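Asker: turn this into a structure:
(5 chains, ligands or ions: 4)
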Amino acid sequence: MLAKNFIPHRIIFYVGIVVVWQIISMAGVWPDNIFPSPYEVTEDLVYGASDGSLFYGIATSMWRLSIGLTIAITGGVVLGIFMARVEAINQTVGSLVLGLQSIPSIAWVPLAILWFGLTDGGIIFVTAIGAIFAVTINTYTGVKNIDPHFIEAARNMGAKGSQLITAVLIPAAFPYMISGFKQGWAFAWRGVIGAELLFSFLGLGFLLNAGRSLNDVSQVIAIMLVIMATGLVIDSVVFKRLENKVMSRWGLR
Amino acid sequence: MLAKNFIPHRIIFYVGIVVVWQIISMAGVWPDNIFPSPYEVTEDLVYGASDGSLFYGIATSMWRLSIGLTIAITGGVVLGIFMARVEAINQTVGSLVLGLQSIPSIAWVPLAILWFGLTDGGIIFVTAIGAIFAVTINTYTGVKNIDPHFIEAARNMGAKGSQLITAVLIPAAFPYMISGFKQGWAFAWRGVIGAELLFSFLGLGFLLNAGRSLNDVSQVIAIMLVIMATGLVIDSVVFKRLENKVMSRWGLR
Amino acid sequence: MTKLEAKNIVKYFNHGSHKLKALGGIDLKVEAGDFVCLVGPSGCGKSTFLRIIAGLEKPDEGEILFDGRPVTETGPERIMVFQEGALFPWLKVQDNVEFGLKMAGIPKEERAKISNRYLDMMQLTKFADSYTYQLSTGMKQRVAIARALVMDPDVLLMDEPFAALDAQTRDLLLVEMQLIWEKTKKTILFVTHNVAEATVLGTKVAVFSNRPSIIKKEVENNSPRPRVTEDESLLKLQQDILAELRPEVKKSKA
Amino acid sequence: MTKLEAKNIVKYFNHGSHKLKALGGIDLKVEAGDFVCLVGPSGCGKSTFLRIIAGLEKPDEGEILFDGRPVTETGPERIMVFQEGALFPWLKVQDNVEFGLKMAGIPKEERAKISNRYLDMMQLTKFADSYTYQLSTGMKQRVAIARALVMDPDVLLMDEPFAALDAQTRDLLLVEMQLIWEKTKKTILFVTHNVAEATVLGTKVAVFSNRPSIIKKEVENNSPRPRVTEDESLLKLQQDILAELRPEVKKSKA
Amino acid sequence: SSSDTAHDSKLRIAYFPNIGHAIPIVGIEKGFFQNSVGDQIKIETRVFDSGPQAIESLFSNSIDIAYVGPGPAIIGFLNSENHNIKILGGAASGGASFIVHPNSEINSASDFAGKKIAAPQIGNTQDVSLRHYLSENGLKTAEKGGSVIVYNISNPDIYTLFVKGDIDGAWVAEPWATILEIELGGKRLFHEEELWPNKEFASVLLIGNADYVEKNKEFFIPFLNSHHSTAAWINSNPTETRIIFNDFLNSHFGQSLSDDVVDIALSNLVITPDPKPNSVFSFAERADALGYLGRNGYDLSGIFLYFDINSIPEEDT
Ligand SMILES: Nc1ncnc2c1ncn2[C@@H]1O[C@H](COP(=O)(O)OP(=O)(O)OP(=O)(O)O)[C@@H](O)[C@H]1O
Ligand SMILES: Nc1ncnc2c1ncn2[C@@H]1O[C@H](COP(=O)(O)OP(=O)(O)OP(=O)(O)O)[C@@H](O)[C@H]1O
Ligand SMILES: [Mg+2]
Ligand SMILES: [Mg+2]
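Answerer: Ligands and ions are numbered 1, 2, ... in the order given. Predicted coordinates for the structure are as follows:
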């Protein structure tokens, strides 16, 4: 089957949303100052784009994101594999990770400020800790769900230790891991924005907070749209491709 | 293989952490106000337990969690299945969900207040929207990764529409979905706490916020420990069991 | 009455950069009540052909007519026994066998009655409550056969169902299959790589050529039943079929 | 010299509430260079026995001695061809075949040289770059055989490797197997449900009883090689073996 | 913490983007502060919007001095190592009001029963004042079994709730009080200073790391001097102050407030370097009565660190 083109569907869908939004805002259920129209939001976007602050914000956030996410993915994969293969680690370190992950990013912010000061380090800490869990648990599930025959065959043919991990566990668990990366990325992105919002320290999160501080709802929604759009672009440029590649290799598409 | 008992490992591990923590805090690397000792934290816990505020907080948060999580799981499973099976939905609603999920919970709070006011409804909204993504994407991945032979065999034997979903897609994707539930639960738990923190409206998140507002780090850490512990208990009582059951049924353990 | 008709079925597959022509134009007519055995070299496209009849795969050219109507979808009147089992790991053996009945909305007690009969026939009664990972390969194959038989379809599409069975179990099942077929007069398409098996079962044996495969020869087989593997009367037929097959395998080796 | 010795191997499996005794005390001595074929009813424990020798499963009683030392782990000197393929779906056919060589650290060019030889032997050269889901069942089985052969192990454990192959391909491979064995004097344990195959290949055929299984009989086979399926001289042996097997299958039916 | 001493040639100042913080805003924007410390000292600024964050930053040595309300100032002092965070001066007095919703039917304290009232976060200046006021008037909050529901929620969220009519009143600082009044038709029931002796209370204080300022007197005293003169400048140039404030908002957030709002807000508070020590002490008593200062009592001795801005520093309580 050839990939069908869904761009028209998407366009209709999103245009539909904007139209409904405009209708609601014109109906005047809520006053303009708390429920702006699409037009006002677009105005804010154009303004932010023309003075460059939007692009600078995106770049700053992306930079922090990439470091935080790298840490989260590396740590999450290693931890996930060890948790799946060594029950003692699962029961000790693994349980601690699960516990740590119940804690919302906002709750980390005070400690991050105390421990790292008002630095990028603090923001990256909050980002990484927000994302590592999704990677860990997906890697763990992936490795746990590997068809035992694969592992047996590999062991039988002499794969051991790190060879077993790189040549079998990681590729066999890869469909799950991608799902972990996708989520890790989304949570890291949230984490960056959330941390910037609370640290009030450049980036898209800062712009969001600025809008909020001045009660400029249309600015808030404009930045939320930018956050979403950036998220979607990354998702489709990086992760969808990775996913399609792996799926077709496994004969699942 | 019989399940080995890992309780001693756990005890040693956690006692070890407390001991190291106490040693660091006695070594005085950081002052007490940014790195309190386990003793101070325990004091705060005992105090919170003895005046009942801790238990009341846990109960309130759990109640909100259960509603938010139910919504997230139901919605996430339905959405995940449709995204995996109907590419047009994946490309439209699915992409919107992905986008929405890039937005940190904090950013939802103003809108939640606008739409729901300062009610439990607002907190539940933030909770559900924080968790639905993990469920959706894991269900999606699970359904996408179902061995196509299962679906073919089922269709061949006359399974159609909702039958196909309940009799094949859901059970076949269940190992992934459990991982989604686990994550959904963890993110819902985060969501509740985060929302309570911002709504400042009873619950553990409120207690955490009170600690932060008064710059009382040992109170903050005490509440974080309670959040973690509650998370761990739920995880091992509910989700570990579910997981073990499914895994052994699939012959993966 | 013609039950099934394959008209010039062509099927391509992508292998990286190049296209592989698997089926080169299969023509086959199957009358109601026929028991057609398909033989051919490994990888020639027998499974693909059955999958197309089942409606699981679309041909690139040609069409399948079922009772005169073109096949576009799967249907419970054409039930397949998959070469690689495809049992559901989340169901117990008995529930696997009853799956199709449950889909058809048949009540529990009746399902149990039907499935017990076939579990017994397949010597699996003791394992009714086991999960599939607890079975040996041959046992799984027997579950897959039972799962198809309970459906009592118009057309049975069986893809090497006896491949993992020991000779004795297979002999028992060869007898059972003939009984079932005679009793119900089902239309059966049966892929096998065992020529003796093909001559024991079939009213007709269709020999596939090598890729891109066509049906090279159809051999009628009217020997009296019940037949068994050792029947001397089948020997001549087997020799004929093997003679047709041998050059095909050589070609595929080349 | 005794290469392998199984001493009173007993194995239980849990099936829900009840325990199933699969192996009831297997004793078997395999000399270096022996080619032992194992036959027995479906589900009697042949695969389980091979898995225990490979070190993939622990017996509940008894032990396996390899060159006099007890087996506790898997090792590249005992390579298994799994009954259900277990090919790696993320690797191309050629990479699947080379997997063990890569694990052993053999350089790329040398790997390619070795694997090409076996791909050719298995008639898979054209599919070297395909993924496993693009193969037919019989082709997968051939990949699995090639993957084991390239490892050139001391002991080859083959679990119904030819089950999904058509008669002709199988005949070709029966010749190849005998050649390989004669040239390398490997020790081979070969599970099959095809008695003719067992008599063509084996220096010895071991007949398993029904569950809880023991080795009921060992038949020596010194007919001259190369042997082919049609050899009249093997007929008597086959009759003997079938005579041993028949009551076992009956029992398992009861 | 590894770079404790590396910043000695820097002065890192934190403040909020509120009109009550006019001194640092004007001092920075007009260059008064930079002029006072000279070229050798680099001034770095951080704009926050919550007291706890400012205190955390002081604790983690990310900033040196901060402009905050009395609540965070007291909590910072009590929780800091060796009570090292001290009040160094004042920045504003007054400037909070109780605004009621037009439909709320609140005309006096006696109408509060059963109403929903909002204040910013727990322990913040307005929160303490609100809760104190309620208990003065014999009212209990819902969590203590009373009838008044107090929401602790951020100023922008108070705005939203006010629009929706979900709250009956809010105790907020400037400029929020004026925004609610002018933009949303809220009624200013009273100015908080009316409840204080002499109608004055510290609402913004200058706090800082005592070790740091002691060590860096040579430029800190000139800075403090400038802090005082900036206050005087603001009081004599209110219009220009409004322009500077709005420019600051614009450059920082890309948005500004209406001139009216800023003018009224500014006129509702007093910009003064006097920390009004008595109001700080009674504030601490009120916070303590609410249980905000810990379970073991509190001791504010040494919270004020005064410098003679003409030269020699001295200590006082
Ligand atoms: N999904 C697929 N993608 C690519 N190629 C495929 C696919 N399925 C089958 N093929 C190719 O089509 C050809 C026929 O395959 P098929 O499984 O029908 O053979 P078969 O006759 O059933 O063989 P066997 O006896 O070994 O089971 C093979 O060459 C195989 O490589
Ligand atoms: N993992 C398992 N859990 C439970 N029971 C098992 C398991 N593996 C095998 N068995 C049981 O052990 C018995 C022997 O199985 P095994 O696969 O060894 O049979 P086999 O002789 O190889 O059969 P076949 O010829 O059908 O492949 C069977 O009854 C099977 O149900
Ligand atoms: Mg096939
Ligand atoms: Mg077996």
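Asker: how about A:Ile132: what's its closest non-neighbour residue?
Answerer: Take A:Ile132 and drop its neighbours on the chain: the residue closest to it by Cβ to Cβ, 6 or more residues apart in numbering or on different chains is A:Ala72, 4.2 Å away. Backbone N, C-alpha and C define where each C-beta goes, glycine included.
Asker: host element of the most centrally placed residue in chain A?
Answerer: Centroid-nearest residue in chain A: A:Ala186, 1.3 Å away (criterion: Cα atoms, centre = their mean). Using DSSP states H and E, A:Ala186 sits within helix A:170-199.
Asker: if we can go back for a sec, show me what contacts the residue nearest to the centre of chain A?
Answerer: By Cβ atoms under 8 Å, 6 or more residues apart in numbering or on different chains, the contact set of A:Ala186 is A:134, A:231, A:235, B:98, B:101-102, B:133.
Asker: if we go to 6 Å?
Answerer: A:Ala186 makes contact with B:101-102 under the criterion Cβ atoms under 6 Å, 6 or more residues apart in numbering or on different chains.
Asker: can you list phi and psi of E:Arg295 for me?
Answerer: The phi/psi pair for E:Arg295 (degrees, to the nearest 10) reads phi -90, psi -10.
Asker: next one, pLDDT for it please.
Answerer: Looking at E:Arg295, its pLDDT is 74.
Asker: now the residue in the stretch 101-250 of chain E that ligand 2 sits nearest to: how far from chain A?
Answerer: Residue nearest to ligand 2 within the stretch 101-250 of chain E: E:Glu143 (57.7 Å; Cβ to the nearest ligand atom). Taking Cβ to the nearest Cβ, to the nearest Å as the measure, E:Glu143 falls 21 Å from chain A.
Asker: these two touch, right, the residue nearest to A:Ile132 and A:Ala131?
Answerer: Yes: using Cβ atoms under 6 Å, A:Ala72 makes contact with A:Ala131 at a distance of 3.8 Å.
Asker: between these two, who's got more neighbours?
Answerer: A:Ala131 (32 against 28; other Cβ atoms under 10 Å in any protein chain shown).
Asker: just the strands in the stretch 151-254 of chain C please.
Answerer: Counting by DSSP state E, counting those that start in this stretch, the stretch 151-254 of chain C has strands at residues C:155-159, C:187-191, C:204-208, C:215-220.
Asker: which one of these lies closest to ligand 4?
Answerer: strand C:155-159 (19.1 Å; Cβ to the ion).
Asker: in chain A, which helix is the longest?
Answerer: helix A:53-85 (DSSP state H).
Asker: contact partners of stretch C:182-189?
Answerer: Contacts for stretch C:182-189 (Cβ under 6 Å, 6+ apart): C:3, C:32-36, C:155-157.
Asker: helix, strand or coil for the residue of the stretch 101-250 of chain E closest to ligand 2?
Answerer: helix (DSSP: H, G, I helix; E, B strand; the rest coil).
Asker: find the nearest non-adjacent residue to it, please.
Answerer: Nearest to E:Glu143 is B:Leu202, by Cβ to Cβ, 6+ apart, at 7.6 Å.
Asker: these two touch, right, that neighbour and B:Thr60?
Answerer: Yes: B:Leu202 is in contact with B:Thr60 according to Cβ under 6 Å; the separation is 4.9 Å.
Asker: low-confidence ranges in the chain?
Answerer: I went with chain A, as the question did not name one. For chain A, the stretches with pLDDT under 70 are A:1-4, A:200, A:251-253.
Asker: that's the wrong chain, I meant chain C
Answerer: In chain C, residues with pLDDT under 70: C:85, C:248-254.
Asker: and the residue of it nearest ligand 2?
Answerer: For chain C, Cβ to the nearest ligand atom, closest residue to ligand 2: C:Gly138, 2.5 Å.
Asker: these two touch, right, C:Gly160 and C:Phe190?
Answerer: Quick fix: residue C:160 reads Glu, not Gly. No: C:Glu160 is beyond contact range of C:Phe190, at 8.7 Å (criterion: Cβ under 6 Å).
Asker: and E:Tyr151, what is it in contact with?
Answerer: E:Tyr151 sits next to B:118, E:118 when contact means Cβ under 6 Å, 6+ apart.
Asker: that one - that's part of a helix, no?
Answerer: No: counting by three-state DSSP, E:Tyr151 falls outside a helix, being strand.
Asker: all helices of the chain, in order?
Answerer: You didn't pick a chain, so chain A it is. Counting by DSSP H, one finds helices in chain A at the ranges A:7-27, A:38-50, A:53-85, A:87-89, A:95-101, A:105-116, A:120-144, A:148-156, A:161-164, A:170-199, A:203-213, A:217-234, A:240-249.
Asker: wait, I meant chain E there
Answerer: According to DSSP H, the helices that chain E contains are E:22-29, E:32-37, E:51-59, E:70-79, E:125-136, E:155-164, E:176-184, E:210-215, E:217-236, E:238-253, E:259-267, E:277-289.
Asker: which other helices and strands contact the last one?
Answerer: It stands for helix E:277-289. helix E:70-79, helix E:125-136 (3 or more Cβ pairs under 6 Å, 6 or more residues apart in numbering or on different chains; DSSP states H and E).
Asker: coming back round to it: include distance to D:Ser209 when you put the contacts of stretch C:182-189 into a markdown table, please.
Answerer: Converted to a markdown table, the contacts of stretch C:182-189 look like this (distance: Cβ to Cβ, whole Å):
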| residue | distance to D:Ser209 |
| --- | --- |
| C:Lys3 | 44 |
| C:Ala32 | 44 |
| C:Gly33 | 41 |
| C:Asp34 | 40 |
| C:Phe35 | 35 |
| C:Val36 | 38 |
| C:Val155 | 39 |
| C:Leu156 | 33 |
| C:Leu157 | 36 |
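Asker: which members of those are classed as buried?
Answerer: Taking 16 or more other Cβ atoms under 10 Å in any protein chain shown as the criterion, what is buried in the contacts of stretch C:182-189 is C:3, C:34-36, C:155-157.
Asker: and these, which is closest to chain E?
Answerer: C:Leu157 (64.6 Å; Cβ to the nearest Cβ).
Asker: contacting residues around the residue of the stretch 151-253 of chain A found nearest ligand 4?
Answerer: For the stretch 151-253 of chain A and ligand 4, the shortest gap (Cβ to the ion) falls at A:Glu152, measuring 13.9 Å. By Cβ under 6 Å, 6+ apart, the residues touching A:Glu152 are D:Leu56.
Asker: so what pLDDT did E:Ser311 get?
Answerer: Value for E:Ser311, per-residue pLDDT: 55.
Asker: now the closest residue to A:Gly99 other than its chain neighbours: how far from D:Ser47?
Answerer: Spatial nearest neighbour of A:Gly99, excluding adjacent residues (Cβ to Cβ, 6+ apart): B:Met228 at 3.6 Å. According to Cβ to Cβ, to the nearest Å, B:Met228 stands 46 Å off from D:Ser47.
Asker: which one's more surrounded, those two?
Answerer: D:Ser47 (23 against 19).
Asker: is that one within a helix or a strand, and which one?
Answerer: helix D:46-54.
Asker: dump the residue contacts of E:Gly69.
Answerer: By Cβ under 6 Å, 6+ apart, the contact set of E:Gly69 is E:51, E:125.
Asker: show me what from the stretch 51-200 of chain C comes close to ligand 1.
Answerer: Residues of the stretch 51-200 of chain C lying close to ligand 1 by Cβ under 6 Å from any ligand atom are C:83, C:193.
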